[in-house]
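In: Test case, fold it:
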Amino acid sequence: MPKNSKSRPKSKSKSKLDERDGPNTKNKVKPSPVSLFLPINLKNAEKHGWDELDIIIITGDAYVDHPNFGAAIIGRVLEDAGFKVGVIPQPKWDSVDDFKILGKPRLFFAVTAGNTDSMVGNYTPSQRLRHDDAYSPGGKEGLRPNRAVVVYSNRIKEAYPDTPIVIGGIEASLRRLAHYDYWSDKVRQSILADAPANLLVYGMGELQTVEIAKRLDGGEQIDEIHDIDGTAWKMEVKRWREEKAKPNLADRYIELPTYTEVSKDKVLYAKAFKATELEQDAVRGKGLVQPHPKTVIVQNKPMRALSQEELDHVYELPFTREAHPSYKEPVPGLDVVKFSITTHRGCFGSCSFCAISMHQGRMITSRSIDSVVREAQRLTRIRGFKGIINGVGGPSANMYAMECKKWEKSGACKDKLCLYPQPCPSLDTSHAHTIEMMRRLRGVEGVVKVFVGYGVRYDLALLDEEYMEELCAHHVSGQLKVAPEHYIKQVTDAMRKPGREVFDQFAMKFREINKRLGKEQYLVTFLISSHPGCTIDNMIELAEYIRDKRMYTKQVQDFTPTPMTAATCMFHTGLDPFTGEELYVAKGQREKRMQRALLRYKDPENYNLVHDALDKAGRMDLVGTAWNCLIGRKKW
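Out: Now for the predicted structure:
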């Protein structure tokens, strides 16, 4: 087995954006709009003076040159490293024609489904086809195939059989090992076993992708590159039998139950998931090995996070923050984030239904305040900017610059979580850096308002009253998004979220501060129905809580099992993978619709579902004209 690679790309002190925005540009020829983007066809490549590309990125999204789009980040990072990069966005997959539009790359194809898993993007939680796609021009649906990474890889292999294929992005990252697939209702193989790809990049892929490119450029063969952290690769079954016999293997790799075993035994599936999550740590994590029928999947330990200097550099690359000019219709997904700023990566919340910690990790990596301010200054010079930065943050807005003293040497704790059942005392929960950053952003000339659009982790906010004062005074646009997800302890425990008493404290403090400030501002809560562990009785209790607190909201979502989350493991196995305890799981579409309807019991179209749910639970006392009834009696 390979040793962990120690080669690291160096951070550069100056980005190309600094040169483009410099003061001495008056007499320079203004570049054409197309040349500001990476080429999407050979004519574009000629404008760059290129007759051959080193790397071609295939993406299931429209080509949007914005740092919230993964393909754009990887493209700019590779370009910054000196490589000639092109992008083929949303190719038609019924033939190889679109896959040849940029010719054959000198080094490799990089394949991603886009910003979301293609099955999540194409289907609703009730498994119906979506009628729109936020990442396509005009919101048009149907421009990416189901299981896009596999489909795109097959077309590339057909067009250029000998060209290396590297897969990455959310779909590849979260399907890197055997996983339960909601849409087929079965355990599928690693995507690397299904796709004719050579390497899989998981997590945030800048370091891995650049190293792969440099090593291929240096003459190494793709089948020799097996030692890069944050990648997975395929090994022959025969070779794995030989490797297992070697000493000290257990020091670096853990063998998971085989695909055949986890596809047939739910207990083993839960054990495999637990082992995978526990090793998802760049400091202390080990590699994983999972035998499949025709190959063996080897996942190297996670890649380290970017340093602050590297993260600053990435976000200050020359993104146009625009969709490619060839599009005649806007890309809806850009409108939401165009004037937002990403300040950090990672999330130590570890919510059961979320895969961020399995992709970005639990440890927070933050940009410098100076870098964030420079980005705000650039926003003020972009066409269409009206003085409002509509989002500042990361997976959770208020985890910026937070850290634990143990992270650097020991990584995130293996035996306990940072916030559940309550915040760990070792965690620095001060919002001082966030407050300083937001104050400086408010002072940028041309910036009128700075809003928090990424969602606030309210259990953390409660620990810092100064932050809550600043938040309410300056950074709420009338409505603040928070995500309690549920209010019933049995369910919030399964979610690994704080109970409703914590939310009640936050809501009360929010009201108190706004009253003192003379502001009329409201909480917008996000709730989930049918989460593993949630029964009809739990949902009725939740509906009664909403009724009593007058917190009726339309921001609700039926739980969708997505790859590599603890909640998906619970959904498939009926077990909590960390305790082994059995959980109730609502799987039938009828019950799932009833649970969702209880969250919106006032809506007339939900009447019959709510009535049937109350009848099933023996709670017809909530049907009638009394003050506490959820719905009235039928009039027919």
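
In: tell me the contacts of the residue most central in space within the chain?
Out: The centre of the chain sits closest to I356, judged by C-alpha atoms, centre = their mean, with a distance of 5.2 Å. Listed by C-beta atoms under 8 Å, 6 or more residues apart in numbering, the contact set of I356 reads 346-347, 349, 395. C-beta here means a position set from N, CA and C on the backbone, and glycine is covered the same way.

In: Dump the residues you listed into TSV; add secondary structure as well.
Out: Shown next, in TSV, are the contacts of I356 (DSSP: H, G, I helix; E, B strand; the rest coil):
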residue	secondary structure
G346	coil
C347	coil
G349	coil
P395	coil
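
In: Which phi and psi values does Y601 adopt?
Out: Per-residue torsions, Y601: phi -70, psi -20 (degrees, to the nearest 10).

In: which residues sit in contact with it?
Out: Y601 sits next to 543, 547, 610, 630-631 when contact means C-beta under 8 Å, 6+ apart.

In: need the contact list for the residue lying closest to I364 once chain neighbours are set aside.
Out: Of all residues not flanking I364 in the chain, G346 sits nearest, at 4.5 Å (C-beta to C-beta, 6 or more residues apart in numbering). By C-beta under 8 Å, 6+ apart, the residues touching G346 are 305, 356-357, 360-365, 394-395, 399.

In: Okay, helices next: where are they in the stretch 101-250 of the chain?
Out: Along the stretch 101-250 of the chain, counting by DSSP state H, counting those that start in this stretch, helices occupy 118-122, 148-159, 169-174, 191-194, 206-217, 237-244.

In: need the ones you listed in a markdown table with distance to R511 and mean neighbour count, can you?
Out: A markdown table is the format used below for the helices of the stretch 101-250 of the chain (distance: least, C-beta to C-beta, whole Å; neighbours: other C-beta atoms under 10 Å):
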| stretch | distance to R511 | mean neighbour count |
| --- | --- | --- |
| helix 118-122 | 35 | 22 |
| helix 148-159 | 45 | 23 |
| helix 169-174 | 37 | 26 |
| helix 191-194 | 47 | 22 |
| helix 206-217 | 43 | 22 |
| helix 237-244 | 60 | 12 |
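
In: Format those helices as TSV; extra columns: mean pLDDT and distance to E310.
Out: Output for these, formatted as TSV (pLDDT from 0 to 100; distance: least, C-beta to C-beta, whole Å):
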stretch	mean pLDDT	distance to E310
helix 118-122	97	29
helix 148-159	98	26
helix 169-174	98	19
helix 191-194	98	27
helix 206-217	98	8
helix 237-244	89	33
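
In: so which of those helices gets nearest H486?
Out: The closest of the helices of the stretch 101-250 of the chain to H486 is helix 118-122. By C-beta to C-beta, the value is 20.9 Å.

In: if we can go back for a sec, out of the contacts of G346, which sit inside strands?
Out: T365 (DSSP state E).

In: Just among the contacts of G346, which is most surrounded?
Out: M399 (28 neighbours; other C-beta atoms under 10 Å).

In: Now T568. Nearest residue, chain neighbours left out?
Out: In space, T568 is closest to P561, 4.0 Å off (C-beta to C-beta, 6+ apart).

In: I'd guessed that neighbour sits against S184; true?
Out: No: taking contacts as C-beta atoms under 8 Å, P561 lies outside contact range of S184: 11.4 Å.

In: Show me what the lengthiest helix in the chain is packed up against.
Out: The longest helix of the chain (DSSP state H) is helix 500-517. Under the contact criterion of 3 or more C-beta pairs under 8 Å, 6 or more residues apart in numbering; DSSP states H and E, helix 500-517 touches helix 458-461, helix 465-474, strand 479-485.

In: C-alpha coordinates for that helix, PDB please?
Out: The C-alpha coordinates for helix 500-517 follow below in PDB (Å, rounded to 0.1, in the frame of the first residue of the first chain):
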ATOM      1  CA  ARG A 500     -36.600  22.900  21.800                       C
ATOM      2  CA  GLU A 501     -35.700  24.400  25.200                       C
ATOM      3  CA  VAL A 502     -32.500  25.800  23.500                       C
ATOM      4  CA  PHE A 503     -34.500  27.100  20.600                       C
ATOM      5  CA  ASP A 504     -37.100  28.700  23.000                       C
ATOM      6  CA  GLN A 505     -34.200  30.500  24.800                       C
ATOM      7  CA  PHE A 506     -32.900  31.800  21.500                       C
ATOM      8  CA  ALA A 507     -36.300  32.900  20.300                       C
ATOM      9  CA  MET A 508     -37.000  34.700  23.500                       C
ATOM     10  CA  LYS A 509     -33.600  36.500  23.400                       C
ATOM     11  CA  PHE A 510     -34.100  37.400  19.800                       C
ATOM     12  CA  ARG A 511     -37.500  39.000  20.600                       C
ATOM     13  CA  GLU A 512     -36.000  40.800  23.600                       C
ATOM     14  CA  ILE A 513     -33.100  42.400  21.700                       C
ATOM     15  CA  ASN A 514     -35.300  43.400  18.800                       C
ATOM     16  CA  LYS A 515     -37.800  45.000  21.100                       C
ATOM     17  CA  ARG A 516     -35.000  46.900  22.800                       C
ATOM     18  CA  LEU A 517     -33.700  48.100  19.400                       C
END
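
In: Could you pull out the buried residues of it?
Out: 500, 502-503, 506-507, 509-510, 513-514 (16 or more other C-beta atoms under 10 Å).
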